[in-house]
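In: Provide a 3D model corresponding to the input given below.
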Amino acid sequence: MVRLLRPLVRGTTYTRLLHLWVPMAAFSVWMFVMPHLPWVPLLVLVPVGLIAAVRTGEGVQARLLLTPGHEDSAFSVTPSVSRRDRLRTVAWLELRMLLGGVTSMVCVWLPLIAVEMVRHSLGYRVDDIPVLRDTEPHWVWAVLSVFPLLALYGAVVGLGVLVTAAARAFLGPSAAERLSALEERTEQLLERNRIARELHDSIGHALTVAVVQAGAARTANSPEFTDRALTAIEETGRAALEDLERVLGVLRESRGPASGRPTLVDADRLLESARASGAKVDAEVRGPVETLPGPVSREGYRILQESLTNVLRHAGAVPARVRVEVRDGALTLEVRNALPDGRVTPGRGSGLRGIRERAALLGGRAHTGPDDSGDWQVRVELPPT
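Out: Next comes the predicted model:
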């Protein structure tokens, strides 16, 4: 029994009721002016829902009133960017208006019925309700008046749950927004893994050098050797502190929106950076790169960046060929380089694994490894999103 009555003490029950009543304010004004045209507000909501910013306002209201106190990501607070988003907003506005009308009628008529039942039990004549009009006054009607109130309670709670579920369905993130959120989450995980590797390699190396040098200086019993060991420990420690400060600087930076990240349109600076490091990069770009969807273009940039980094790290200043082709919204990216002394030196493979994960995230595929000619090849194919 206590569990059934618990919604009575929850603020969410009443904020959801308020959310249902909000559209009725404008509707009530209209009915006061034009009571013979009650369908006009529903018609007006169609062009209103097609406005991109309306989706933002509805999402903010849903977060504040339907799930107060919770950062519910089920409600999008971004403007409509596609026709489907606009149509979903129109459907939501129409449904919200209808649910608000049902709520208003329930909240007016059920309490009124309960009051009339009590009045009838006291002997007052009731003409508005046929059942009460055709029966004799009796104290039983006062007892039965509790049922309309229970029905009111159930209707208010049920309509609140219903409008919240409907809001999640119609105001939820679109496919593009879910992909962008997944992309950001993937970027964060990849960045965390990269920072963890850098900290492990840099700080671990510095501590190892310091321990070995200190132990050797203690056992050597030579002032000259001790001086050299202390110098090595100092230099290694300074380098480790610089690495640590750089990594902490990255962690302090606030992450920008996905739209502010580099894309393949900015690939020239990657190529110039690789050339400045000594690599001879021959690049060929075919197709309109600027027309690629945002997620494809951003992931393509990161894949090209990792591929060129692997060339410099594992092969050195060797000739590399880069080919970028855009056809029908799909991206094909290929990076080839000669292997030093014909040896396959893929390193630890974390960068290559990241390339494959990025490609798989967008439904594409990636091939990394030596080709038939003996060159190292990274080939990635990303379909249009």
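In: how about low-confidence regions in the stretch 201-350 of the chain?
Out: By pLDDT under 70, the weakly predicted segments of the stretch 201-350 of the chain are 201-202, 204-206, 209, 243, 246-247, 249-261, 276-278, 316-317, 341-350.
In: in it, which spans are strands?
Out: Remark: strands assigned in the stretch 201-350 of the chain by DSSP state E, counting those that start in this stretch are 280-286, 319-327, 330-337.
In: quick one, longest helix in this protein?
Out: If each helix of the chain is counted by residues according to DSSP state H, the longest one is helix 175-220.
In: and that one, how far from the chain's centre?
Out: Centre-to-centre, helix 175-220 and its host chain are 26 Å apart (CA atoms, centre = their mean, to the nearest Å).
In: so where is the stretch 1-150 of the chain shaky, pLDDT-wise?
Out: Low-confidence segments of the stretch 1-150 of the chain (pLDDT under 70): 1-2, 71-73.
In: re earlier: for the strands of the stretch 201-350 of the chain, which one sits closest to Gly300?
Out: strand 330-337 (5.3 Å; CB to CB). (C-beta placed from N, C-alpha, C; glycine too.)
In: paired strands for the closest one, with orientation please.
Out: Applying DSSP bridges, strand 330-337 is found paired with strand 319-327 (antiparallel), strand 376-382 (antiparallel).
In: just the buried positions in the longest one, please.
Out: Looking back up the chat, that one is strand 319-327. For strand 319-327, burial by neighbour count (16 or more other CB atoms under 10 Å) applies to 320-322, 324, 326.
In: again, but for stretch 64-81
Out: Result for stretch 64-81 [16+ other CB under 10 Å]: buried residues 65-67, 74-80.
In: what about the helices in the stretch 51-200 of the chain?
Out: Using DSSP state H, counting those that start in this stretch, the helices of the stretch 51-200 of the chain run over 52-61, 83-121, 130-133, 140-144, 146-170, 175-220.
In: among the ones you listed, which comes closest to Leu264?
Out: Comparing the helices of the stretch 51-200 of the chain against Leu264 with CB to CB, the closest turns out to be helix 175-220 (14.8 Å).
In: for the closest one, name the packing helices and strands.
Out: helix 223-252, helix 294-310, helix 350-361 (3 or more CB pairs under 8 Å, 6 or more residues apart in numbering; DSSP states H and E).
In: quick one: which of those is nearest Gly49?
Out: Closest among the helices and strands packed on helix 175-220, using CB to CB: helix 294-310, at 25.2 Å.
In: can you lay out the helices and strands packed on helix 175-220 as CSV showing mean neighbour count and distance to Val281?
Out: Shown next, in CSV, are the helices and strands packed on helix 175-220 (neighbours: other CB atoms under 10 Å; distance: least, CB to CB, whole Å):
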stretch, mean neighbour count, distance to Val281
helix 223-252, 13, 26
helix 294-310, 22, 7
helix 350-361, 18, 18
